[in-house]
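Undergrad: need a 3D model of the following:
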Amino acid sequence: MNTLSRRQMIQTTAAATALALAKYPLKAFGLSSSEEGALHVPFVDAQTIDPNRRMVRWDELKSWMTPTEDLFTVGHYGTPTVDPSTWTLELSGLVKKPRTLTLGQIKALPKKEVIATLECSGNGAGPGFIGAVGNVRWTGTPLAALLNSVGWQDRGVEVVFYGADQKNEKVREKEYPQRFARSLSKEDAMRLDCLLAYEMNGQPLTVGHGAPLRLVVPGWYGVAWVKWLTKIQVQDRRFMSKFMARDYVTIRGEEIEGDTVWKENSVSWMNVKSMVGRLLRLKNGALRFTGAAWTDGTALTSVELQVDGGPWWKARLHKETNAPYAWAFWSYDWNHPVGGEHAVVCRATDANGVVQPSAEDPRIKLKKTYWEANQQHPRRFIVA
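TA: Residues are numbered from 1 along each chain as shown. This is a model prediction of the structure:
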């Protein structure tokens, strides 16, 4: 049996507390008591979203838990037709006891809930794509226990997850049928918070979100959360599919002693990030900025706000509604706002001292792909 690390113990305790808090609206924590009678102030650079597309509408962000109908969906090979009554999950490869399980058998296994923020790695890449994120309560069975039940062969080091969605792909000038697939190292797959989920927000998974079963990898970008799972296979080497080695690969330049060194990395862990969501004019005349911030599970230590390039102001983190892999809400009151048009931006910092970068930060200035778009996102508003 694995020994819990100090971090895992802290995260488990915090997650249990957050699950209880998630049953109640934010007003139960006194987070909106001073907003009675407040007026909404629209941003000049309003979020542009196709009205038929599911995304978080930042100006309307009030609920810590994202309703299922507002959570984004992304597909690569279309939406497959999966019959839950005949669906099975195969566990094979370098395991000692291969198994095939029905949905009923999976639901009979020990049950666990995890609150985790799901974000598309391209979220924030453009004005029409800044709401592909959401905070959800996921329910399923722990992945690690199921992998242990089939037994690892000594050579097994990588776990590959295959979905039911498929398409012919050209590889070296020839076409081959390919299922959408991603992998995790043995170490990552054996984390105690990874789930094989069959419920979200207390209800069965919807088709668009991977019913009847999907992988949940808290702290990783959504591309790793394989939907419509059909097979889990253990192998003895790195898995290099289209979506691990050729797509969802971040290309960025790093300046080293006067030379630019170009690096390519497969998208995996989420980057520290925050977003200005809503702006309210309170009855006392102050302006209240609110928003959300999230990390890869590393503790969030601060969110700061800056107006018109001035000093950074420390926002209030509402950590009473936080869990290790969930976003945290924050707020800041500008008590004596100055009239005119202004630009506001926020930045988050985690316990490792990693600060959300500006677009000109050397860490991302030479990034050439829109994956992992965690740059600060300025917004404009007018004070009458």
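
Undergrad: what's in contact with whichever strand or helix holds residue 113?
TA: Element membership for residue 113 (DSSP states H and E) is strand 112-119. When contacts are defined by CB atoms under 8 Å, 6 or more residues apart in numbering, strand 112-119 is touched by residues 15, 18-19, 22, 65, 71, 132-142, 193, 195, 216, 218-219, 221-222, 225, 270, 273, 294, 323, 325-327. Any C-beta I mention is one placed from the backbone N, CA and C, and that applies to glycine too.

Undergrad: which elements pack onto the helix or strand just after that strand?
TA: Past strand 112-119, heading to the C-terminal end, the next element that is a helix or strand (DSSP H and E) is strand 133-142. Strand 133-142 is packed against helix 103-107, strand 112-119, strand 195-200, with contacts defined by 3 or more CB pairs under 8 Å, 6 or more residues apart in numbering; DSSP states H and E.

Undergrad: so for residue 314, which of these sits nearest?
TA: In this view, those are compared for proximity to residue 314 by CB to CB, and strand 112-119 is the closest at 22.1 Å.

Undergrad: residue 384 touches residue 340, doesn't it?
TA: No - counting by CB atoms under 8 Å, no contact exists between residue 384 and residue 340, whose distance comes to 9.2 Å.

Undergrad: coming back round to it: any of the contacts of strand 112-119 buried? List them.
TA: Under a neighbour-count criterion of 16 or more other CB atoms under 10 Å, the subset of those counted as buried comprises 15, 18, 22, 65, 71, 132-142, 193, 195, 216, 218-219, 221-222, 225, 270, 273, 294, 323, 325-327.

Undergrad: which stretches of this structure have low pLDDT?
TA: Under the criterion of pLDDT under 70, the regions of the chain flagged as low confidence span 1-33, 320-322.

Undergrad: who are the contact partners of residue 349?
TA: Taking CB under 8 Å, 6+ apart as the definition, contacts of residue 349 comprise 272, 300, 301, 302, 303, 304, 355, 356.

Undergrad: hmm, 7 Å instead?
TA: Listed by CB atoms under 7 Å, 6 or more residues apart in numbering, the contact partners of residue 349 are 272, 301, 302, 355.

Undergrad: narrow those residues to those in strands?
TA: Judged by DSSP state E, the subset of these located in strands is 301, 302.

Undergrad: just give me the closest of the contacts of residue 349 to residue 75.
TA: Sorting those by distance to residue 75 puts residue 272 at the head of the list, at 27.3 Å, by CB to CB.

Undergrad: residue contacts, residue 330?
TA: 290, 291, 293, 303, 315, 316, 317, 318.

Undergrad: please apply the same query to residue 226.
TA: 161, 163, 180, 181, 182, 214, 215.

Undergrad: which parts of the stretch 151-300 of the chain are helices?
TA: 186-189 (DSSP state H, counting those that start in this stretch).

Undergrad: returning to what we had before: more neighbours: which of residue 384 and residue 340?
TA: Per other CB atoms under 10 Å, whichever of residue 384 and residue 340 has more neighbours is residue 340, with 10 against 7.

Undergrad: what's the distance between that one and residue 313?
TA: Using CB to CB, to the nearest Å, we find residue 340 at a distance of 18 Å from residue 313.

Undergrad: then residue 78?
TA: Going from residue 78 to residue 313 by CB to CB gives 46 Å.

Undergrad: counting neighbours, go ahead and name the busier of these two.
TA: It is residue 313, of residue 78 and residue 313, that has more neighbours when counted by other CB under 10 Å, with 15 against 10.

Undergrad: which residues pair with the more buried one across the strands?
TA: Residue 313 has the following beta-bridge partners by DSSP bridges: residue 305.

Undergrad: picking up where we left off before, any chance of a markdown table for the helices and strands packed on strand 133-142, columns distance to residue 126?
TA: Shown next, in a markdown table, are the helices and strands packed on strand 133-142 (distance: least, CB to CB, whole Å):
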| stretch | distance to residue 126 |
| --- | --- |
| helix 103-107 | 38 |
| strand 112-119 | 15 |
| strand 195-200 | 27 |
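
Undergrad: of all those, which lies closest to residue 280?
TA: The stretch from the helices and strands packed on strand 133-142 with the least distance to residue 280 (CB to CB) is strand 112-119; that distance is 23.4 Å.

Undergrad: many thanks, have a good one.
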